[in-house]
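Undergrad: Predicted model and sequence below, questions to follow.
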Amino acid sequence: MTKEENSKEKIAVAEFLDNKLVIFDEKQGTSIFREKFFGKWIEEEKIKYLQLSLEEGMILLERGLIDINVKGKPINVKKFYALCFKTDKEFPQKYTVYNNLRNRGFIVKSGFKFGTHFRVYDRGVNPYKEGSKETKEHTKYNVHSVPENHTMSYQEWSRYVRLSQNIRAKALLGVVDEEGDVTYYDIKRVKP
């Protein structure tokens, strides 16, 4: 962490619960959500909180914008990374791709319900724009992150590309090599 990042004022405190991060303070959550486009609001049993993915939490922690508590005690970046890897074995390549996209100005959200790791919105858009379906911003890319030696079956490829096309998004494969560099491959279905 640079000296500048370390001196930034923290926007929020997140709690690690099972496999997710939550911000219970609505004011803090609103700041992270509206200004930075991180997280998703969850309301259950009269409790409203901002839920962050592990990738979102890691980048915010690295940037010095949040503190993360585990069982009520603060955790540093190195220990949080180890905890994320223990929680999700795909975390290293997922975070590398997530970090790469965020640092390039894209807004990155979970792609779980579309069978992929991430939904990516173009630079400068507001994914929470109010209005009719026609005026809302749409996902530009569905990005699945894999290590360079990963294999996929034809059925997995087909399902991934079709789900992406159904929402008019490009299917990208973010391949992370051993040096931590990311190469993106555009995967298309071709009709002869």
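TA: Happy to help now that I have it. If you're wondering where the values come from, they're calculated on a predicted model, not measured in any experiment.
Undergrad: in the chain, what spans have low per-residue confidence?
TA: For the chain, the stretches with pLDDT under 70 are 1-8, 126-136.
Undergrad: Quick one: the strands in it, in order.
TA: 12-17, 20-23, 40-44, 47-52, 66-70, 73-74, 107-110, 118-121, 141-147, 170-176, 182-187 (DSSP state E).
Undergrad: Can you get me a residue count around Phe16?
TA: 20 (other CB atoms under 10 Å). (Glycine included, C-beta is placed from N, CA and C.)
Undergrad: partners of it in the sheet?
TA: For Phe16, the beta-bridge partners are Leu21, Val70 (DSSP bridges).
Undergrad: close enough to count as contact, it and Ile68?
TA: Yes: using CB atoms under 8 Å, Phe16 is in contact with Ile68, at 6.0 Å.
Undergrad: Common neighbours of those two, please.
TA: 57, 75, 80 (CB atoms under 8 Å, 6 or more residues apart in numbering).
Undergrad: Reformat the residues you listed into JSON lines and put neighbour count and distance to Tyr98 next to each item.
TA: Listed next are the shared contacts of Phe16 and Ile68 as JSON lines, based on neighbours: other CB atoms under 10 Å; distance: CB to CB, whole Å:
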{"residue": "Gly57", "neighbour count": "24", "distance to Tyr98": "11"}
{"residue": "Ile75", "neighbour count": "17", "distance to Tyr98": "19"}
{"residue": "Phe80", "neighbour count": "20", "distance to Tyr98": "14"}
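Undergrad: and which of these is nearest Ser145?
TA: Set against Ser145, the nearest of the shared contacts of Phe16 and Ile68 by CB to CB is Gly57 (16.8 Å).
Undergrad: which one is that closest one nearest to, not counting chain neighbours?
TA: Nearest non-adjacent residue to Gly57, counting by CB to CB, 6 or more residues apart in numbering: Leu21, 4.2 Å away.
Undergrad: same deal with Thr87?
TA: Asn19 (5.0 Å).
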